[in-house]
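how does the following fold in three dimensions:
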Amino acid sequence: MALVVAIIIGGFKPKMNTGIIAVTLAMIVGIYGAKLPMKTISAGFPTDLFLMLVSICLLFNMASQNGTLEKLSKFFIKSVKGNPKLFPLLFFFLTFLLASIGPGNIAATALMAPIGMAVAANAGISALLMAIMICTGANAGAFSPIAPTGIIGIGLMNKIGVNGNSMGMTVFLASAAIQSLSAISAYLIFKGYKAKKTQKLDEFLAKQKVEKFNNKQFLTLAAIVILVLSVVFFKVQISLGAFALIVILSFVGAADEEKSIKNIPWGIILLVTGITILIGIMEKTGGLNMATSMIAKISSGRTINAILAFITGIVSAYSSSSGVVMPAFIPLIPGIIAKLGAGNILKMIIAVAVGSHMVDVSPLSTLGALTIASADEKEDKVKLFRNLLIWGMSMAIVGALMAWVFLDLL
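Next comes the predicted model:
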């Protein structure tokens with residue numbers, strides 16, 4: 001009940017941090033309900049997860065602050081040589097790439113939305129299509145093992161006894177594949193392949209000058225590449241790798257560390273850690289066991305992934321996908337399997353990952369809101385809001401169908 005209350009309040013009062021609500025309720029339930037000592041309650045704080053999120057966010061804030069990421073994106077825009085048919089696909093790929101190499105889906109969308117929506121307005125491309133491609137690309141890259149959402153997923157997998165470090169890449173690739181199918185469908189439905197080159201587009205692209213990387217940006221780009229290679233191929237602990245590179249970049253003055261620290265999304269980190277503490281109290285008081293029983297009653301071995309994707313999609317439409325939905329549902333998976341007597345733990349994790357993130361195209365989410373805020377001033381934003389909302393909410397059903405086909409049937 002405490003978790004439900006936290007989610008509902010967070011949904012109706014978006015300016016309130018659900019993590020703070022969760023910690024407060026965890027203390028009330030823990031101290032006065034379960035008679036647990038404060039030491040036991042605070043032991044549920046996910047220290048490893050906290051350090052990983054802070055290190056990754058700080059590193060990529062530095063890359064954004066010194067202009068490295070912006071120059072990288074402009075370089076790729078020039079690479080398609082002004083072909084408007086390729087722009088929706090390019091921005092899907094760019095946001096996917098940026099999200100997956102470390103900044104995460106929100107940061108990648110924040111960086112690409114202003115550029116992508118401007119390109120759409122000048123190229124005669126549907127603003128709705130461009131918004132969908134940017135948001136979907138960001139979510140396709142969200143579960144990278146070195147991106148914040150992927151880090152959260154790995155931590156949750158480790159907590160339920162799954163080797164998240166080895167399974168993380170599988171979840172990432174599966175989620176990226178399903179999100180890519182959604183993007184391709186949008187490209188075909190909204191006829192992105194029919195876009196034509198115009199003088200207005202040529203004039204816009206001419207203003208997008210690609211400048212060479214300066215020494216600070218080159219060092220930052222090298223640091224990102226080193227982090228990716230060291231984590232993927234040499235199994236370096238991601239927090240250690242990121243903090244070590246941050247120290248080096250700060251020492252040589254590659255970016256303003258103080259300004260980058262201020263821009264760390266502390267609210268999101270507090271949200272994730274707060275929910276995790278409450279989930280720990282749920283586990284100690286038998287709440288997880290009760291929740292798994294409820295889901296198991298309406299599921300079977302042939303429908304569980306579709307049901308998980310649908311439920312998480314609906315809940316995610318009104319709350320944080322990685323901060324609330326994943327920490328609430330992934331810990332339930334072992335219990336659901338035990339009660340059903342069936343189910344594949346990896347497929348069920350993928351179902352939660354896909355279901356919780358496909359709806360994030362909705363303007364009720366941060367990603368969708370960023371694209372609407374970045375839309376051209378001549379764009380009918382009320383219409384764009386409505387259409388993006390319809391597409392985003394429909395993804396709860398689409399995600400469930402994809403989970404049923406690719407995870408339940410196959």
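
show me where pLDDT drops low in this protein?
For the chain, the stretches with pLDDT under 70 are 80-82, 208, 318.

in it, which helix is the longest?
Secondary structure of the chain per DSSP state H: the longest helix is helix 164-189.

for that one, packing partners?
Using 3 or more CB pairs under 8 Å, 6 or more residues apart in numbering; DSSP states H and E, the elements in contact with helix 164-189 are helix 87-100, helix 127-140, helix 148-159, helix 345-358, helix 381-403. Every C-beta, even on glycine, is put in place using the N, C-alpha and C of the backbone.

helix or strand right after it?
Next along the chain after helix 164-189, taking DSSP states H and E as the criterion, comes helix 199-206.

what sits up against the following helix or strand past that following helix?
Next in sequence after helix 199-206, counting helices and strands by DSSP H and E, comes helix 215-234. Applying CB atoms under 8 Å, 6 or more residues apart in numbering, the contact partners of helix 215-234 are 59-60, 62-63, 66-68, 71-72, 101-102, 145-146, 169, 213, 236, 238, 241-242, 245, 248-249, 252-255.

same question, stretch 19-39
Applying CB under 8 Å, 6+ apart, the contact partners of stretch 19-39 are 2-3, 5-6, 9-10, 40-41, 44, 267, 270-275, 277-278, 280-281, 284-285, 323.

is it true that A140 touches A183?
Yes - if you go by CB atoms under 8 Å, A140 and A183 touch, sitting 7.2 Å apart.

what is in contact with these two at once?
Common contact partners of A140 and A183 (CB under 8 Å, 6+ apart): F92.

and the helices and strands packed on helix 164-189: which comes nearest M52?
helix 148-159 (4.6 Å; CB to CB).

by contact count, what packs against the closest one?
helix 47-65, helix 164-189, helix 326-329, helix 345-358.

go with 10 Å
Where contact means 3 or more CB pairs under 10 Å, 6 or more residues apart in numbering; DSSP states H and E, helix 148-159 is packed against helix 47-65, helix 87-100, helix 105-123, helix 164-189, helix 238-251, helix 266-285, helix 326-329, helix 345-358.

just put those helices in CSV and tack on distance to I134.
CSV is the format used below for the helices and strands packed on helix 148-159 (distance: least, CB to CB, whole Å):
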stretch, distance to I134
helix 47-65, 17
helix 87-100, 5
helix 105-123, 5
helix 164-189, 10
helix 238-251, 26
helix 266-285, 19
helix 326-329, 22
helix 345-358, 14
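
who's in contact with I350?
143, 153, 167, 170-175, 177-178, 305, 308-309, 344, 403, 406-407 (CB atoms under 10 Å, 6 or more residues apart in numbering).

out of those residues, which end up buried?
Buried members of the contacts of I350, counted by 16 or more other CB atoms under 10 Å: 143, 153, 167, 171-172, 174-175, 178, 305, 308-309, 344, 403, 406-407.

okay but W266 is in contact with N17, surely?
Yes - taking contacts as CB atoms under 10 Å, W266 lies within contact range of N17: 9.5 Å.

re earlier: what's the closest of the helices and strands packed on helix 148-159 to A369?
Of the helices and strands packed on helix 148-159, the one closest to A369 (CB to CB) turns out to be helix 105-123, at 9.4 Å.

angle of the closest one against helix 345-358?
Going by axes from the mean of the first three to the mean of the last three CA atoms, to 10 degrees, helix 105-123 is angled at 50 degrees with respect to helix 345-358.

just the C-alphas of helix 105-123, formatted as PDB.
Only the C-alpha atoms of helix 105-123 are listed here, as PDB (Å, rounded to 0.1, in the frame of the first residue of the first chain):
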ATOM      1  CA  ASN A 105      17.800   8.400 -22.700                       C
ATOM      2  CA  ILE A 106      16.800  11.800 -21.000                       C
ATOM      3  CA  ALA A 107      20.100  13.500 -21.700                       C
ATOM      4  CA  ALA A 108      20.300  12.200 -25.300                       C
ATOM      5  CA  THR A 109      16.800  13.500 -25.900                       C
ATOM      6  CA  ALA A 110      17.500  16.800 -24.400                       C
ATOM      7  CA  LEU A 111      20.600  17.200 -26.600                       C
ATOM      8  CA  MET A 112      19.000  15.900 -29.900                       C
ATOM      9  CA  ALA A 113      15.400  17.200 -29.600                       C
ATOM     10  CA  PRO A 114      16.200  20.900 -30.400                       C
ATOM     11  CA  ILE A 115      18.300  20.000 -33.400                       C
ATOM     12  CA  GLY A 116      16.000  17.200 -34.600                       C
ATOM     13  CA  MET A 117      12.700  19.300 -34.300                       C
ATOM     14  CA  ALA A 118      14.400  22.200 -36.100                       C
ATOM     15  CA  VAL A 119      15.500  19.900 -38.900                       C
ATOM     16  CA  ALA A 120      12.000  18.500 -39.200                       C
ATOM     17  CA  ALA A 121      10.500  22.000 -39.500                       C
ATOM     18  CA  ASN A 122      13.000  23.000 -42.200                       C
ATOM     19  CA  ALA A 123      12.900  19.700 -44.100                       C
END
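
from the contact counts, what lies against that helix?
Judged by 3+ CB pairs under 10 Å, 6+ apart, the packing partners of helix 105-123 are helix 47-65, helix 68-79, helix 87-100, helix 127-140, helix 148-159, helix 199-206, helix 366-374.

ranking those helices by burial, who's on top?
Most buried of these, by mean neighbour count (mean count of other CB atoms under 10 Å): helix 127-140, with a mean of 30.

rewinding a little: which of the contacts of helix 215-234 are buried?
59-60, 62-63, 66-68, 71-72, 101-102, 145-146, 213, 236, 238, 241-242, 245, 249, 254-255.
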